[in-house]
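# Sequence first, then the predicted structure, then my questions.
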Amino acid sequence: MDAAIVLRTVVLVTVAYVAGAIPFGVLVARFAGGTDLRSIGSGRTGGTNALRALGPRWAGVVVVGDLLKGALPVLVARFVTSGDPLVEVLCGSAAVVGAIWSVFAGFRSGRGVATGVGTMLVIQPVVVLLAAPVFVVVILLTRYVSLGSLLGSAAMFPAMLLVLLVVPETPLPYVIYSAVGAALIWLAHADNIDRLIHGQERKFDLGLLAGRRSSG
């Protein structure tokens with residue numbers, strides 16, 4: 001492979017990690033009132049903990065930021081490489097890794113769910129449309145956001161296979177990424193999985209969506 005192409009890829013992947021590592025939850029919480037999300041609730045910086053601590057308006061800002069930091073690196077990679085699927089998924093993976101293990105937040109930030117969705121919205125939005133109902137229905141039925149995230153992310157791979165049946169020319173890196181991205185999200189939920197197994201996971205209060213603050 002040409003050295004210039006390798007260097008370009010390394011730069012794009014590095015930029016993708018840095019973008020993914022931007023801790024929007026930390027920044028928004030500080031702006032909204034000085035709260036440090038890492039010291040309350042789950043200690044995570046994603047939308048769910050932001051919703052519990054800050055309410056739906058600021059949590060929405062966090063989610064949008066997390067979506068963008070996944071989508072934009074993939075879009076940049078697509079533009080710079082004229083649509084190289086391998087570089088796109090490498091950048092998508094790097095953004096998700098940054099979202100989960102942020103160098104700016106002590107390598108413990110979010111779970112990578114919104115950022116992963118952002119990457120997939122660019123890579124193959126139909127997969128998001130197919131997997132999103134799983135995420136929503138599981139949360140409504142069980143009130144476990146973590147379980148919804150786990151099963152929703154797991155649904156991306158079979159959803160991509162369905163896309164592949166309809167669009168056989170779907171690039172192989174996209175198919176692989178639908179599994180790799182889910183695996184990263186599952187890895188980030190290791191502690192949630194343990195709590196789910198032992199019946200100790202915290203249930204989501206649907207009243208938070210109406211603006212009611214969490215009691216603890």
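Thanks, I have the structure now.
# Please enumerate the helices of this structure.
Along the chain, the segments classed as helices by DSSP state H run 3-21, 24-33, 47-54, 56-81, 85-100, 113-123, 125-142, 145-154, 156-166, 172-188, 190-197.
# Nearest to residue 208, out of the ones you listed?
helix 47-54 (5.2 Å; CB to CB). All C-beta atoms are positioned from the backbone trio N, CA, C, and that covers glycine.
# Contacts for the closest one next, please.
With contacts defined as CB atoms under 8 Å, 6 or more residues apart in numbering, helix 47-54 is touched by 25, 28-29, 32-33, 35, 37, 40-43, 58-60, 62-63, 66, 114, 145, 204-205, 208-209, 213-214.
# Which among the residues you listed count as buried?
Among the contacts of helix 47-54, those classed as buried by 16 or more other CB atoms under 10 Å are 25, 28-29, 32, 35, 37, 41-42, 58-59, 62-63, 66, 114, 145, 204, 208, 214.
# out of the helices of the chain, nearest to residue 106?
The closest of the helices of the chain to residue 106 is helix 24-33. By CB to CB, the value is 10.0 Å.
# Can you dump the C-alpha atoms of that closest one in PDB for me?
Taking Å, rounded to 0.1, in the frame of the first residue of the first chain, the C-alpha atoms of helix 24-33 are listed here in PDB:
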ATOM      1  CA  PHE A  24     -19.900  16.200  25.600                       C
ATOM      2  CA  GLY A  25     -21.600  15.000  28.800                       C
ATOM      3  CA  VAL A  26     -18.900  16.500  30.900                       C
ATOM      4  CA  LEU A  27     -18.800  19.700  29.000                       C
ATOM      5  CA  VAL A  28     -22.600  20.200  28.900                       C
ATOM      6  CA  ALA A  29     -23.000  19.300  32.500                       C
ATOM      7  CA  ARG A  30     -20.400  21.900  33.500                       C
ATOM      8  CA  PHE A  31     -22.100  24.500  31.400                       C
ATOM      9  CA  ALA A  32     -25.600  23.600  32.700                       C
ATOM     10  CA  GLY A  33     -24.600  24.000  36.400                       C
END
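# Thank you kindly, that will do.
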